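Novice: Provided below for reference: sequence and predicted model.
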Amino acid sequence: MGALNLSQVLWEERQALAGKPLAFPRIETERADASPAAAEPVPPELGDIYRKLNGDDRWALCLSGGGIRSASFALGILQRIAALKVASKRDGKAGSALTEFEYLSTVSGGGYIGSWLSAWLCRERKAGLPNPVVSALNDRCTEGQIKDHEEAEPVSNLRRNSHFLAPSFSAISPDLWSDVAGVLRNLFLNWVLLVPPMILAVLLTKAVSFAMIDAHAITTANAPPWFLALMIVPTACFLIALSFSAANRPARGCINVPQPWFLLCDLAPFLIGAALLVFVLQSQYGLATLTQVTDALGFKFGAEVKGARFYANVMIRGAVLGVLFFLLSWLLAWVWPFVLGKSTQQALANRPKHPWIDLIAWGAAGAVFGLLSAAGLALLWIFSPPDADAAAARFACVLGLPWIVLARMVADVVYISFAEFLSEVDVGLEFQARSSGLFTLAYIGWLLWFGLVLGAPPAAAWIKSQLGTASAASLAAGGGLSGLLSVVLGASSKTKAAAEQVSGFRQYLSLNTIAAVAAAIFAATLVAVLSIGFDAAFAPFENGAGHMPWAIVMLVGGLLLLLIVAASLVLSINRYSLHSIYRNRLVRAFLGASRREHDRAKTKNKFTDFDSSDSPYLHELWQHGVRPHGADWKPFHVISGALNLVSSKNLAWQERMAAPFTFSPLHCGSGSAAFEDGAYRTTYATKTQPHPYGGPPLGLTLGTAMAISGAAVSPSMGYNSSPGVAFLMALFNVRLGWWLANPRGDNPDYAKPKPPFALRPFFMEMFGLTSERERWVYLTDGGHFENLGIYEMVRRRCRLIVVSDAGCDPDYSFEDLGNALRKIWIDLGVRIDMHRLDLLKKRFTERPSPATEGPYWTVGDILYKDADGGDSQNGLLLYFKSGLHGTEPMGVLSYAIAHASFPHETTLNQFFSESQFESYRALGYEIADRAFKSGVVPEAPTVPPTFRAIVTELKSKIPAT
């Protein structure tokens, strides 16, 4: 209860922008004359809402992602729009063009400057002063005898903090070393959470091998009573798995159930049975009992049978047992319809098939399964070193279960070879392929894990004896360096984008392949080192049985489990990522910039210079019941993040791996099709939602939303996710994302600030298991879904959209724009036609070079009428692209000549100097200035045009060809 759908959210935003009080009992209007009134009913159809929104003629300013680079460029755009005098679309009066925009949409780095503006507007409003922000964006004043053309304090503070992660350039700066100390502290605390489960996994694996060693000593003379009962378990497990498989196969058609039932009733019991069978057959008592069973069936052979004949007899016995097991499971298959319900498919009597062929095929498969399983046992006897129980146990542990699983897969192939004589041929072939694929994953996983854990110590000992002590350490160091390489490539501000700057798709493939291979090498090295270290640590406790005492195993396992539970309950998965370090510095630089220094000095921590008062709460950004025009102007700020869906079941999203997630003064959530009708929560308490979304006491802060929107580097990164690298990025705490409660209506944890048990979401993050189905969702940079902020504004049917694109795109491939337009068409059904993007081609490639005039902008048509019908009107999109033509002011050109990658320097660089900050800001201002001068109608120079008229004029000047 309490969640809102997309229609409700869009309608309430519309009401708020009209200055109407919302029907939230716990929210009071901020004007005495704004009397509470019943809210207008939400139209029943989303299409009706879209047409209403279109008729409202709202405008939006979109600031793209790109870190501090985008923020600096967007500041110049903002300042020039604020300085532009236009006739108001509402009353025709002259005023700043900035106040014509009802929406501010930001992503990532654009959110830095957008949040700075929203916080500044909020503080001036709360101070009860007339709105000075728009005019102050460009003001310069001279005061007294010392200030010479000083900018407004919030603007000058931005310049001072452009090096925001570590404001001081000094190598011995406390800011720099506090960053280092914070990173190391959080890394250590994450390892406290993560390393114990890894050690416990190694311990459990070794415990299996210890059990195998002990099994060698179990004979008919000393067999404990529980062992006989244990021998029954693999028999029961095999019968459950095989009878389920016989019932679920399309040719039989007793049941028809989805994959989760296959995993639960076939794969899991078969693997358990296989592991226990290997354990039982390691004991003399188990072999003797099995011999007695086959003797009773009439397949007895004397002790004089030896050599090849002996092994042949063993395999014959295995084949007979396999046939018996499979035939019994075939009969038991009729039980499953009573457990899971009968299949709704066509009855077997109505299917064309040869009678009894299914039973014959199943029996043949059983013979092959038994034969191969017995052959594996024979091979184990042949190749196991004599009088070396520990080595034989390791050998059986690593290869025993995979061999039995392989035998099952070959048996399935034998069965399906009769496909032409069975019904449902094509479906049966696909069934066999899918089930074999899942079994393959299981046995490869077992083989790799047990092979590494149990094989690493003897392998290290052999390497040490053959090549010397230093060689093993060198191999481990090489594995560690591969991990560092993987993390660097994975975190390199989207390896894909970085690679495409070098040499296109081919280089992209190579870099991603290198990152994935390096991650795999490091993961294998890590497991091997943990196993070797475990053996070395507990070697003094080893008893005569060939392994450490079981009491020590239980004690160590219990302590590890206790530490895991305690760490998961105490440590916050959010607080000890890199997010808090990143957010605190963003808040200080951008949100604290709008506070007067003498006010901030009263509340900040004088030792650290951080102040929790720098960031307002999201809900504080909006005045309820006040029309946001004139002196009360403020844009409705929509901050875009990405909800990661790396393991979503929607196959259409395998490329995007993310859904949009927005933060606004009224709501937080997603209107994605991942949720049936959208899933939003209000930023404050209401009658149906007793607590604000995101955590007590007052919900999410603007700083948290801004930092989530800018969380560019994380194990899950939407369409930039790399499963091979995610493990290492999580391990080394390269995590800027944030876990929040799923905003859907059935989630009782919506008001909690973090998952209560940290380990599970940590593993979801590490292994790429994030999805929309969980109670907690993982949020990262909005650019991991759409980097320009256009998507949500088209959803709101804004009729005029201005986009500032300062993404890293040195080749002008327009990847961000193409991604946005493609998703808008697929998800929202709205086509946007951009005109002559080819005119925004790359110029000034060799610096200095002859100057080339050309546009930095283009205009597109937003075809709302085609999407919504009725009386909807199309919209306009003015697109500014950061570029360099060689005709810019000398202050910009001098920096560009010295820095060849300007204005597309890497997003990894978040340490801007004064000249760098000013060059990007001035470039943004210059680009907007040239556009607006070009768009002014020359026939009426004394009458300010409307902003729409300027954009329309710009569109008319775009050459047709």
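Specialist: Received it, and whenever you're ready, just let me know what you need. Numbers count the residues shown, from 1 in each chain.
Novice: output the lowest mean pLDDT helix or strand found in the chain.
Specialist: Lowest on mean pLDDT, DSSP states H and E among the helices and strands of the chain sits helix 469-490, with a mean of 52.
Novice: need the CA coordinates for stretch 816-827. CSV is fine.
Specialist: In CSV, the C-alpha atoms belonging to stretch 816-827 read as follows (Å, rounded to 0.1, in the frame of the first residue of the first chain):
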residue,chain,number,x,y,z
ASP,A,816,24.1,9.3,-26.0
LEU,A,817,21.6,11.1,-28.3
GLY,A,818,21.0,7.9,-30.3
ASN,A,819,20.5,5.9,-27.2
ALA,A,820,18.0,8.4,-25.8
LEU,A,821,16.0,8.7,-29.0
ARG,A,822,15.9,4.9,-29.5
LYS,A,823,14.6,4.2,-26.0
ILE,A,824,12.1,7.0,-26.2
TRP,A,825,10.7,5.5,-29.4
ILE,A,826,10.7,1.9,-28.0
ASP,A,827,9.3,2.7,-24.5
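Novice: what is the top strand by length along the chain packed up against?
Specialist: In the chain, with assignment by DSSP state E, the single longest strand is strand 636-644. Contacts defined by 3 or more Cβ pairs under 8 Å, 6 or more residues apart in numbering; DSSP states H and E place strand 636-644 against helix 6-17, strand 103-107, helix 109-126, strand 658-663, helix 702-709, strand 776-781, helix 790-795. Any C-beta I mention is one placed from the backbone N, CA and C, and that applies to glycine too.
Novice: any idea which of these gets closest to residue 78?
Specialist: helix 109-126 (6.8 Å; Cβ to Cβ).
Novice: now do the closest one, average pLDDT.
Specialist: Helix 109-126 carries an average pLDDT of 94.
Novice: mind putting the helices and strands packed on strand 636-644 into JSON lines with distance to residue 184 and mean neighbour count?
Specialist: JSON lines is the format used below for these (distance: least, Cβ to Cβ, whole Å; neighbours: other Cβ atoms under 10 Å):
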{"stretch": "helix 6-17", "distance to residue 184": "42", "mean neighbour count": "21"}
{"stretch": "strand 103-107", "distance to residue 184": "31", "mean neighbour count": "30"}
{"stretch": "helix 109-126", "distance to residue 184": "26", "mean neighbour count": "26"}
{"stretch": "strand 658-663", "distance to residue 184": "30", "mean neighbour count": "26"}
{"stretch": "helix 702-709", "distance to residue 184": "20", "mean neighbour count": "28"}
{"stretch": "strand 776-781", "distance to residue 184": "23", "mean neighbour count": "28"}
{"stretch": "helix 790-795", "distance to residue 184": "38", "mean neighbour count": "26"}
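Novice: nearest to residue 66, of the ones you listed?
Specialist: With Cβ to Cβ as the criterion, residue 66 lies closest to helix 109-126 of the helices and strands packed on strand 636-644, at 4.5 Å.
Novice: got the buried residues for the next helix or strand after the closest one?
Specialist: As assigned by DSSP states H and E, the chain's next helix or strand after helix 109-126 is helix 133-136. Buried residues in helix 133-136, defined by neighbour count with 16 or more other Cβ atoms under 10 Å: 133, 134, 136.
Novice: helix 133-136 packs against which elements?
Specialist: Partner elements for helix 133-136 (3+ Cβ pairs under 8 Å, 6+ apart): helix 109-126.
Novice: now do stretch 946-954, average pLDDT.
Specialist: What stretch 946-954 shows for mean pLDDT is 94.
Novice: rewinding a little: out of the buried residues of helix 133-136, the closest to residue 312 would be?
Specialist: Among the buried residues of helix 133-136, and counting by Cβ to Cβ, the member closest to residue 312 is residue 133, at 90.9 Å.
Novice: dump the residue contacts of the closest one.
Specialist: Residue 133 makes contacts with 117, 120, 121, 124, as judged by Cβ atoms under 8 Å, 6 or more residues apart in numbering.
Novice: let me have those in JSON lines, extended by distance to residue 244.
Specialist: JSON lines is the format used below for the contacts of residue 133 (distance: Cβ to Cβ, whole Å):
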{"residue": "117", "distance to residue 244": "61"}
{"residue": "120", "distance to residue 244": "65"}
{"residue": "121", "distance to residue 244": "63"}
{"residue": "124", "distance to residue 244": "68"}
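Novice: return the member of the residues you listed nearest to residue 215.
Specialist: residue 117 (70.7 Å).
Novice: gap between that closest one and residue 705?
Specialist: From residue 117 across to residue 705, the span is 14 Å (Cβ to Cβ, to the nearest Å).
Novice: same thing with residue 600?
Specialist: Applying Cβ to Cβ, the value for residue 600 to residue 705 is 21 Å.
Novice: buried set for stretch 454-461?
Specialist: Neighbour-count burial for stretch 454-461, counted by 16+ other Cβ under 10 Å, picks out 454, 455, 456, 457, 459, 460.
Novice: and the residues you listed as a markdown table, adding secondary structure and distance to residue 140?
Specialist: Putting those into a markdown table (DSSP: H, G, I helix; E, B strand; the rest coil; distance: Cβ to Cβ, whole Å) gives the following:
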| residue | secondary structure | distance to residue 140 |
| --- | --- | --- |
| 454 | helix | 72 |
| 455 | helix | 71 |
| 456 | helix | 67 |
| 457 | helix | 71 |
| 459 | helix | 71 |
| 460 | helix | 69 |
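Novice: quick check, nearest of these to residue 626?
Specialist: Nearest to residue 626 among these: residue 456, at 67.3 Å, using Cβ to Cβ.
Novice: test my guess that the closest one contacts residue 526.
Specialist: No. Residue 456 is not in contact with residue 526 according to Cβ atoms under 8 Å; the separation is 10.6 Å.
Novice: how about the nearest residue to residue 155, chain neighbours excluded?
Specialist: Excluding the flanking residues, the one nearest residue 155 by Cβ to Cβ, 6 or more residues apart in numbering is residue 137, at 7.1 Å.
Novice: how many neighbours does that neighbour have?
Specialist: Look at residue 137: counted by other Cβ atoms under 10 Å, it has 22 neighbours.
Novice: what sits against it?
Specialist: Taking Cβ under 8 Å, 6+ apart, one finds 78, 79, 82, 83, 98, 152, 155 in contact with residue 137.
Novice: pick the one among those residues closest to residue 788.
Specialist: Using Cβ to Cβ, residue 78 is the member of those that sits closest to residue 788, with 15.9 Å.
Novice: check whether the closest one sits in a helix, strand or coil.
Specialist: Here residue 78 is helix, with the state taken from DSSP: H, G, I helix; E, B strand; the rest coil.
Novice: measure it to residue 235 for me?
Specialist: The value you get for residue 78 to residue 235, if Cβ to Cβ is used, is 74 Å.
Novice: more neighbours: the two, which one.
Specialist: Between residue 78 and residue 235, residue 78 has the larger neighbour count (other Cβ under 10 Å), namely 26 against 15.
Novice: next up, phi/psi of the residue sitting nearest the centre point of the chain, please.
Specialist: Nearest to the mean C-alpha position of the chain, counting by Cα atoms, centre = their mean, stands residue 716 at 2.8 Å. Per-residue torsions, residue 716: phi -110, psi 120 (degrees, to the nearest 10).
Novice: that one and residue 391: what is the separation?
Specialist: Distance from residue 716 to residue 391, by Cβ to Cβ: 42 Å.
Novice: flag the shaky bits of the stretch 351-500 of the chain, pLDDT-wise.
Specialist: Applying pLDDT under 70 to the stretch 351-500 of the chain flags residues 351-355, 385-389, 468-500.
Novice: in it, which spans are helices?
Specialist: Using DSSP state H, counting those that start in this stretch, the helices found in the stretch 351-500 of the chain span residues 357-383, 389-416, 425-467, 469-490, 495-538.
Novice: out of those, indicate the one that is most buried.
Specialist: Most buried of those by mean neighbour count (mean count of other Cβ atoms under 10 Å) is helix 389-416; its value is a mean of 21.
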